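In: Here's a sequence, model it:
(one chain, ligands or ions: 1)
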Amino acid sequence: MTVPTVPTIVLNNGVEMPQLGFGVWQITPDDRAAQAVRTAFDAGYRAVDTARIYTNEAGVGRALAESELCRDDVFLTTKLWNNEQGYDSTLRAFDNSLAKLGTDYVDLYLIHWPVPFHGRFTETWRAFEKLYADGRVRAIGVSNFEPDHLQTLLDGASIVPAVNQIEFHPYLQQHALQELHQELGIVTEAWSPLGQGKVLADPAINAIADRLTRSPAQVILRWNIQLGNIVVPKSATESRIRENLALFDFELSESDMAALAGMHRGDRIGQHPNDFIDDF
Ligand code: NAD
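Out: So this is what the prediction gives:
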């Protein structure tokens with residue numbers, strides 16, 4: 001069976017990252033994650049977005065080990081959890097993630113949340129820069145960083161993050177961050193692109209989907225592709241896993257893009273990054 005080819009985005013260090021990846025948050029335990037990732041690989045996904053806190057890195061690693069794909073065919077992202085921030089603790093956490101994933105490098109390593117309350121993301125970033133210099137990660141980035149966190153990080157950094165993975169969907173379009181990312185050469189990666197399912201009932205999105213004979217999820221994901229974002233939808237259902245990848249044989253018109261741009265309401269699903277200090 002032929003599988004769709006996902007376009008890549010060139011990150012600020014020249015590394016190419018697939019524009020669409022498979023998100024695995026809440027797909028546990030490891031067996032279930034391995035099964036979902038196998039299905040995603042069969043469908044044509046070549047990027048997986050996991051994190052230490054998702055407790056399924058071993059399942060992702062198992063799917064990779066058992067697949068016919070080579071390690072280099074797959075773009076693996078994982079993230080450092082909040083209670084692991086700090087220089088030495090980051091290096092230890094990275095080793096643990098690698099062991100679970102069963103690989104000797106990660107394509108993209110992200111600081112999961114800034115947790116400004118702890119004030120440790122700058123020293124954490126120094127450890128990320130070391131992992132990058134040592135060739136153990138192909139790119140380093142952040143997640144849930146607000147403009148002021150990015151500015152503080154850059155004051156003490158020698159490497160500009162390649163990616164900022166942020167909550168982004170039609171109801172939360174993150175205009176200030178989009179502008180700053182553009183200026184700094186940081187790629188926006190959208191998490192919860194479907195608003196965890198909550199945006200899918202939107203009547204205007206459904207009207208566009210009906211007209212194009214596509215699903216609301218496909219319209220939202222295609223919108224991200226045309227905006228130049230990287231996007232990581234999650235599903236554990238095979239038909240939806242495939243549906244979420246079938247984005248590369250249609251286009252949204254300028255007026256559809258404008259209609260989606262007009263849907264911003266400032267509605268968050270997750271917490272504001274300044275308030276999120278959960279470190280389990
Ligand atoms: P999502 O917006 O991708 O929505 C997922 C839910 O939408 C599914 O559980 C399912 O109920 C539904 N769905 C998916 N495809 C569908 C389809 N085609 N039709 C109908 N319903 C469909 O939400 P998410 O899981 O929160 O986010 C995606 C990924 O983003 C995560 O798996 C994770 O990798 C990443 N993420 C990162 C952070 C972070 O802090 N960095 C936070 C949340 C999520």
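In: Could you give the bridge partners of the nearest residue to G270 once chain neighbours are set aside?
Out: Counting by Cβ to Cβ, 6 or more residues apart in numbering, the nearest residue to G270 once its immediate chain neighbours are dropped is E167, at 5.2 Å. Any C-beta I mention is one placed from the backbone N, CA and C, and that applies to glycine too. E167 forms beta bridges with W191, as assigned by DSSP bridges.
In: For E167, the count of nearby residues, please.
Out: E167 has 22 neighbours, counted by other Cβ atoms under 10 Å.
In: do I53 as well
Out: Residues near I53, counting by other Cβ under 10 Å: 20.
In: I figured it hits N83, correct?
Out: No - under the criterion of Cβ atoms under 8 Å, I53 is not in contact with N83, lying 9.3 Å apart.
In: Which parts of the stretch 1-150 of the chain are strands?
Out: 8-10, 16-18, 22-23, 47-49, 75-80, 106-111, 137-143 (DSSP state E, counting those that start in this stretch).
In: Next, format these as JSON lines and append mean pLDDT and mean neighbour count.
Out: What follows is the strands of the stretch 1-150 of the chain, written out as JSON lines (pLDDT from 0 to 100; neighbours: other Cβ atoms under 10 Å):
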{"stretch": "strand 8-10", "mean pLDDT": "98", "mean neighbour count": "15"}
{"stretch": "strand 16-18", "mean pLDDT": "98", "mean neighbour count": "20"}
{"stretch": "strand 22-23", "mean pLDDT": "98", "mean neighbour count": "26"}
{"stretch": "strand 47-49", "mean pLDDT": "98", "mean neighbour count": "26"}
{"stretch": "strand 75-80", "mean pLDDT": "98", "mean neighbour count": "26"}
{"stretch": "strand 106-111", "mean pLDDT": "98", "mean neighbour count": "26"}
{"stretch": "strand 137-143", "mean pLDDT": "98", "mean neighbour count": "25"}
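In: Go through these and name the closest to the ligand.
Out: In terms of Cβ to the nearest ligand atom, the element of the strands of the stretch 1-150 of the chain nearest to the ligand is strand 22-23, at 2.5 Å.
In: What lies in contact with stretch 270-280?
Out: Identification of contacts with stretch 270-280 by Cβ atoms under 8 Å, 6 or more residues apart in numbering yields 53, 81-83, 113-118, 144-146, 149, 167, 192.
In: try 7 Å this time
Out: Outside stretch 270-280, the residues that touch it by Cβ atoms under 7 Å, 6 or more residues apart in numbering are N82, N83, W113, P114, V115, P116, F117, N144, F145, E146, E167.
In: which ones are touching the fifth one?
Out: Which is V115. N82, Q85, F276, I277, D279.
In: Switch the strands of the stretch 1-150 of the chain over to a markdown table; also include distance to Q196.
Out: Shown next, in a markdown table, are the strands of the stretch 1-150 of the chain (distance: least, Cβ to Cβ, whole Å):
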| stretch | distance to Q196 |
| --- | --- |
| strand 8-10 | 24 |
| strand 16-18 | 22 |
| strand 22-23 | 11 |
| strand 47-49 | 15 |
| strand 75-80 | 18 |
| strand 106-111 | 19 |
| strand 137-143 | 16 |
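In: can those strands go into a markdown table with extra columns for distance to the ligand?
Out: Formatted as a markdown table, those follow (distance: least, Cβ to the nearest ligand atom, whole Å):
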| stretch | distance to the ligand |
| --- | --- |
| strand 8-10 | 16 |
| strand 16-18 | 14 |
| strand 22-23 | 3 |
| strand 47-49 | 4 |
| strand 75-80 | 6 |
| strand 106-111 | 7 |
| strand 137-143 | 4 |
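In: Of those, which is nearest L177?
Out: Checking these against L177 by Cβ to Cβ gives strand 137-143 as the closest, at 11.1 Å.
In: List of residues touching the closest one?
Out: 11, 13, 15, 79, 105-113, 128, 131-132, 153, 159, 161-166.
In: number of nearby residues for the residue nearest to R38 when sequence neighbours are not counted?
Out: In space, and not counting its chain neighbours, R38 is closest to A63: 4.9 Å by Cβ to Cβ, 6+ apart. Using other Cβ under 10 Å, the number of residues around A63 comes to 24.
In: the helices in the stretch 51-200 of the chain, which residues?
Out: Using DSSP state H, counting those that start in this stretch, the helices of the stretch 51-200 of the chain run over 57-66, 87-101, 121-133, 147-155, 175-184.
In: Highest mean neighbour count out of these?
Out: Looking across those with neighbours counted as mean count of other Cβ atoms under 10 Å, the highest average goes to helix 57-66: a mean of 22.
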